[in-house]
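Asker: Quick one, structure for this:
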Amino acid sequence: MKRELTFPYGKEKVTYAFDEKELAGVLLSSIEAYQPEADEVALVKTALENPIGSAKLSELARGKQNVVIIASDHTRPVPSKIMMPLMLEEIRKGNPDADITILIATGCHRGTTKEELVAKFGEEIVAKENIYIHDCDETEKLVNIGTLPSGGECNINTIAVEADLLVAEGFIEPHFFAGYSGGRKSVLPGVAGRSTVLANHCAEFIHHSNARTGILENNPIHEDMLWAAKTANLQFIVNVVLNSEKEVIYAVAGDVEQAHQKGTEFLSAQCGAKAVLSDIVISTNGGYPLDQNVYQAVKGMTAAEATVKEGGVIIMMASSADGIGGDHFYHQMADEPDIRKTMDMFLKRGRGETTPDQWMSQILIRILMRAKVVYVSEMEDTIIEKMHMIPAHSLEEAIQKAKKLSGKETPTITAIPDGVSVVVRG
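Answerer: Alright, predicted model coming up:
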């Protein structure tokens with residue numbers, strides 16, 4: 001008997017027929033079975049009309065001249081074409097003359113291009129609204145608002161800090177070290193300076209047992225982020241939960257902590273999956289836009305890490321059409337043949353000694369110390385090999401290589417069609 005499964009890969013879908021005897025488990029979020037109460041626009045409107053722990057956005061906007069909306073960048077599938085017009089309308093309902101700036105939260109990513117802005121917001125918003133793209137290294141645009149619980153200096157974009165009203169759009173999904181995305185992450189790392197992001201992403205915090213997918217309580221990374229958002233006076237958020245088709249199925253609005261918590265509670269009830277330990281685990285980053293580079297793809301690998309046997313093989317499918325995603329990340333992985341030496345070096349560094357992209361390298365090395373990784377992408381083989389992974393260019397090729405690497409005649413396989421949508425629990 002065969003069982004056919006579909007995996008998102010770039011902007012396409014890859015289908016593979018598995019022998020049911022070798023397929024030990026398929027880890028899926030129940031989000032796909034969830035039936036939303038209304039259509040996408042209506043869900044966001046209802047959230048705006050019923051904010052959690054806050055007055056309505058239109059009420060908050062009264063008398064506020066300088067309004068800033070933090071928006072996610074090109075690496076996030078936030079449905080801004082739905083959310084942003086509704087937020088703009090609500091703000092202008094409260095103050096038709098408000099000066100509104102849309103601040104693109106790039107974190108430490110590259111700047112969003114004009115084409116990407118149009119794809120995200122549509123032609124009209126890009127043409128008519130004032131949009132500023134945050135740059136974590138643009139020091140003249142940063143201001144210190146205090147010291148993080150981690151001990152790092154909290155430097156935030158002045159556009160956000162000087163706002164009379166600071167709000168944010170975003171989406172909530174499982175996050176591999178912050179617990180969940182959304183909410184407070186719009187500020188840190190979204191519009192923070194590089195040194196602030198580095199302090200928050202220090203080796204000690206990344207190594208912490210609570211800095212894992214689906215955990216907020218006593219997660220030091222989350223606590224830092226929440227402190228930054230509250231200190232920057234992020235007053236109102238609109239966050240959504242998406243299905244695999246990137247459609248809104250749930251929305252919350254209101255207080256940065258309370259609304260976000262309600263969103264994570266909903267998601268936690270939908271996306272938990274029990275680990276099925278296997279010799280080979282196949283994962284993805286949910287397709288475009290989350291699988292544009294190797295850097296982002298580490299997130300999907302952590303789902304596989306939680307259910308692969310020690311010494312097993314992870315197959316990671318991520319088109320990586322945009323490349324590696326960071327020179328620092330590449331050289332941290334490629335320049336030292338012994339990954340254990342690199343890990344030891346990271347763990348010896350203090351909170352103030354974090355280097356750019358160190359956290360992603362640290363997590364990838366942690367994964368590689370547990371299992372081999374066969375990486376399915378459009379990348380050149382030599383680059384993937386330098387990063388201590390095994391290249392492949394199709395799922396068929398990857399499965400052949402993984403079976404050989406397992407050393408077993410009939411290795412067991414667990415499939416995770418969307419590795420960023422599930423919280424794998426032991």
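Asker: Tell me, how many residues neighbour the residue lying closest to Ile52 once chain neighbours are set aside?
Answerer: Nearest residue to Ile52, sequence neighbours excluded (C-beta to C-beta, 6 or more residues apart in numbering): Gly254, at 3.7 Å. (Glycine included, C-beta is placed from N, CA and C.) Neighbours of Gly254 under the rule other C-beta atoms under 10 Å: 24.
Asker: Who are the contact partners of Val161?
Answerer: By C-beta atoms under 8 Å, 6 or more residues apart in numbering, the contact set of Val161 is 143, 145, 232.
Asker: Nearest to Ser30 among the residues you listed?
Answerer: Ser30 lies nearest to Ala232 out of the contacts of Val161, by C-beta to C-beta, at 34.8 Å.
Asker: Next up, the contacts around the closest one.
Answerer: Ala232 neighbours (C-beta under 8 Å, 6+ apart): 145, 156, 160-161, 166, 187.
Asker: hmm, back to that, let's have the contacts of Val161 in a markdown table, adding pLDDT and distance to Leu290.
Answerer: Listed next are the contacts of Val161 as a markdown table, based on pLDDT from 0 to 100; distance: C-beta to C-beta, whole Å:
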| residue | pLDDT | distance to Leu290 |
| --- | --- | --- |
| Val143 | 98 | 31 |
| Ile145 | 98 | 30 |
| Ala232 | 98 | 26 |
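Asker: Which of the residues you listed fall within strands?
Answerer: 143, 145 (DSSP state E).
Asker: What is the nearest of the contacts of Val161 to Gly182?
Answerer: Of those, the one sitting nearest to Gly182 (C-beta to C-beta) turns out to be Ala232, at 15.9 Å.
Asker: mind checking how far the closest one is from Pro51?
Answerer: Distance, Ala232 to Pro51, using C-beta to C-beta, to the nearest Å: 19 Å.
Asker: Likewise for Asn285?
Answerer: Asn285 is 32 Å from Pro51, by C-beta to C-beta.
Asker: out of those two, which sits in the busier spot?
Answerer: Asn285 (29 against 21).
Asker: Is the more buried one in contact with Ala304, as I believe?
Answerer: No. Asn285 is beyond contact range of Ala304, at 11.0 Å (criterion: C-beta atoms under 8 Å).
Asker: what is in contact with the two at once?
Answerer: The contact lists of Asn285 and Ala304 share 316, 419, where a contact means C-beta under 8 Å, 6+ apart.
Asker: Gln292: what secondary structure?
Answerer: The assignment at Gln292 comes out as coil when based on DSSP: H, G, I helix; E, B strand; the rest coil.
Asker: Distance of it relative to Arg194?
Answerer: In terms of C-beta to C-beta, Gln292 sits 21 Å off from Arg194.
Asker: Also Leu226?
Answerer: Distance, Leu226 to Arg194, using C-beta to C-beta: 20 Å.
Asker: The two: who's more crowded?
Answerer: Just comparing Leu226 and Arg194: by other C-beta under 10 Å the higher neighbour count belongs to Leu226, 22 against 19.
Asker: Tell me who's in contact with the more buried one.
Answerer: 183-184, 256-257.
Asker: and if you look at Lys401?
Answerer: Counted by C-beta under 8 Å, 6+ apart, Lys401 has contacts 374, 390, 392.
Asker: Out of the residues you listed, grab the one that's most surrounded.
Answerer: Val374 leads the contacts of Lys401 on contacts (other C-beta under 10 Å) with 25 neighbours.
Asker: before we move on, back to that, can you redo the contacts of Ala232 as TSV with distance to Val424 and secondary structure?
Answerer: Shown next, in TSV, are these (distance: C-beta to C-beta, whole Å; DSSP: H, G, I helix; E, B strand; the rest coil):
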residue	distance to Val424	secondary structure
Ile145	36	strand
Ile156	34	strand
Ala160	34	helix
Val161	38	helix
Leu166	35	strand
Val187	28	coil
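Asker: Closest to Ala55 out of those?
Answerer: Leu166 (14.7 Å).
Asker: so what's that closest one bridging to?
Answerer: Val68, Leu234 (DSSP bridges).
Asker: Give me the distance between it and Glu138.
Answerer: In terms of C-beta to C-beta, Leu166 sits 18 Å off from Glu138.
Asker: Look at the two and report which has more neighbours.
Answerer: When Leu166 and Glu138 are compared for neighbours, Leu166 comes out ahead with 28 against 13, by other C-beta under 10 Å.
Asker: ok, now how distant is that one from Met389?
Answerer: Distance of Leu166 to Met389, given as C-beta to C-beta: 40 Å.
Asker: and if you look at Met369?
Answerer: 13 Å.
Asker: Between the two, which has more neighbouring residues?
Answerer: Met389 (23 against 12).
Asker: Helices of the stretch 251-400 of the chain, start to end?
Answerer: 258-271, 294-305, 327-334, 339-348, 358-368, 381-386, 395-406 (DSSP state H, counting those that start in this stretch).
Asker: Just want the angle from the fourth one to helix 358-368.
Answerer: Angle, helix 339-348 to helix 358-368, by axes from the mean of the first three to the mean of the last three C-alpha atoms, to 10 degrees: 140 degrees.
Asker: could you give the angle of helix 339-348 to helix 327-334?
Answerer: 130 degrees.
Asker: contacts for helix 339-348?
Answerer: Residues contacting helix 339-348 (C-beta under 8 Å, 6+ apart): 203-204, 207, 332-333, 336, 358, 361-362, 365-366, 368-369, 388.
Asker: re earlier: would you point out the most distant pair within the contacts of Ala232?
Answerer: So, the contacts of Ala232 by C-beta to C-beta: farthest apart are Ile145 and Leu166, at 11.7 Å.
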